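Engineer: Need coordinates for the following:
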Amino acid sequence: MLGIGRKLNLITFVKRLTTPTTYFIHCDLIDTERNLFNAKRSDVLALFDVKGKPYEKVSYQGSPQQVLRDCYTGEFINSITISVKDEDGELFDFKGLPLLFELELN
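Structural biologist: Below you'll find the model as predicted:
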């Protein structure tokens, strides 16, 4: 479970277990040619510092500091993919709990 064998040496280093501190919201409509995050082209739509206990129901309100992102402007957009990832770029596992996005389209 912790990534160590059954036999422990006198000194055994165990990988530190951490929980994410930030949710990164990614969207495939973000124009990665015109948007940068940490000086790299990115599809990050927004980020929120994790609050509350792990897997506790929490609502996050977008702040005025969240800037509008340039999006692709095609005539025929029929789907949007939104994902939540951790600091390492791995999809966040909400352990089967529901996830709700509220989109404001301008």
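
Engineer: I'd like the distance from stretch 29-48 to the chain centre, please.
Structural biologist: Centre-to-centre, stretch 29-48 and its host chain are 12 Å apart (C-alpha atoms, centre = their mean, to the nearest Å).

Engineer: strands paired with the one helix or strand I25 maps to, and their directions?
Structural biologist: Take DSSP states H and E as the rule and I25 turns out to sit in strand 22-27. Paired neighbours of strand 22-27 in the sheet (DSSP bridges): strand 44-49 (antiparallel), strand 82-85 (antiparallel).

Engineer: Now mean pLDDT too, for these, in TSV please.
Structural biologist: Formatted as TSV, the strands paired with strand 22-27 follow (pLDDT from 0 to 100):
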stretch	mean pLDDT
strand 44-49	83
strand 82-85	87
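
Engineer: Adding distance to D93 and mean neighbour count, write those strands out as CSV.
Structural biologist: From N, CA and C alone the C-beta is placed, and that goes for glycine too. As requested, the strands paired with strand 22-27 are exported to CSV (distance: least, C-beta to C-beta, whole Å; neighbours: other C-beta atoms under 10 Å):
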stretch, distance to D93, mean neighbour count
strand 44-49, 17, 16
strand 82-85, 10, 15
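
Engineer: what sits up against stretch 94-103?
Structural biologist: 25, 55, 57, 80, 82, 84 (C-beta atoms under 8 Å, 6 or more residues apart in numbering).

Engineer: Before I go, just wanted to say thanks for your time.
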